[in-house]
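Peer 1: 3D, please:
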Amino acid sequence: MGDFLPGFEASFWGGFGAPKSTPLQIVESLNTEINACLGDPKIKARLAEFGGTTMAGSPADFGSLIIEETAKWGKVVKYAGIKPE
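Peer 2: Numbers count the residues shown, from 1 in each chain. The predicted structure is shown next:
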């Protein structure tokens, strides 16, 4: 990608989502438990075997990441003229 858009960086990320109507208490509980797992040295080590790193955070952090990634990849799609088939 850097050949076409100098300075452009790409990576893979994953996360957990829930329906918008999920009660805040459940979202917060899930976030707490997921962050605890992501902080576990065994899980960090296992992900590192595949070249991965963990990014624990809040639901708002994840929402911001989704917005940023959507904007970034939207530019790529527009620049490349990609159309759904």
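Peer 1: what about the chain, any weak spots by pLDDT?
Peer 2: Where the chain drops to pLDDT under 70, the residues are 1-2.
Peer 1: got the residue ranges for the helices in it?
Peer 2: Assigned by DSSP state H, the chain shows helices spanning 24-38, 41-49, 59-80.
Peer 1: List of residues touching the longest one?
Peer 2: When you say that, I think you mean helix 59-80. Around helix 59-80, the neighbours that count as contacts under CB atoms under 8 Å, 6 or more residues apart in numbering are 1, 4-5, 8, 13, 15, 27-28, 31, 55, 82. C-betas here are computed from N, CA, C, even on glycine.
Peer 1: May I ask which of the residues you listed has the most neighbours?
Peer 2: Per-residue neighbour counts (other CB atoms under 10 Å) across the contacts of helix 59-80 peak at Asn31, which has 19 neighbours.
Peer 1: how about it, what does it touch?
Peer 2: Residues near Asn31 by CB under 8 Å, 6+ apart: 58-59.
Peer 1: measure it to Gly17 for me?
Peer 2: 11 Å (CB to CB, to the nearest Å).
Peer 1: what's the answer for Thr54, then?
Peer 2: Taking CB to CB, one finds Thr54 at 17 Å from Gly17.
Peer 1: Pick out whichever of those two has more residues nearby.
Peer 2: Thr54 (15 against 11).
Peer 1: ok, the spatially closest residue to that one that is not a sequence neighbour to Phe50 distance?
Peer 2: The shortest distance from Thr54 to any non-neighbouring residue, by CB to CB, 6 or more residues apart in numbering, is to Leu38 (4.1 Å). Using CB to CB, Leu38 is found at 14 Å from Phe50.
Peer 1: One more: Ile43?
Peer 2: Distance from Ile43 to Phe50, by CB to CB: 12 Å.
Peer 1: picking up where we left off before, what sits against the residue nearest to Thr54?
Peer 2: Neighbour list for Leu38: 44, 54-56 [criterion: CB under 8 Å, 6+ apart].
Peer 1: same thing but 10 Å
Peer 2: By CB atoms under 10 Å, 6 or more residues apart in numbering, Leu38 lies in contact with 44, 47, 53-57.
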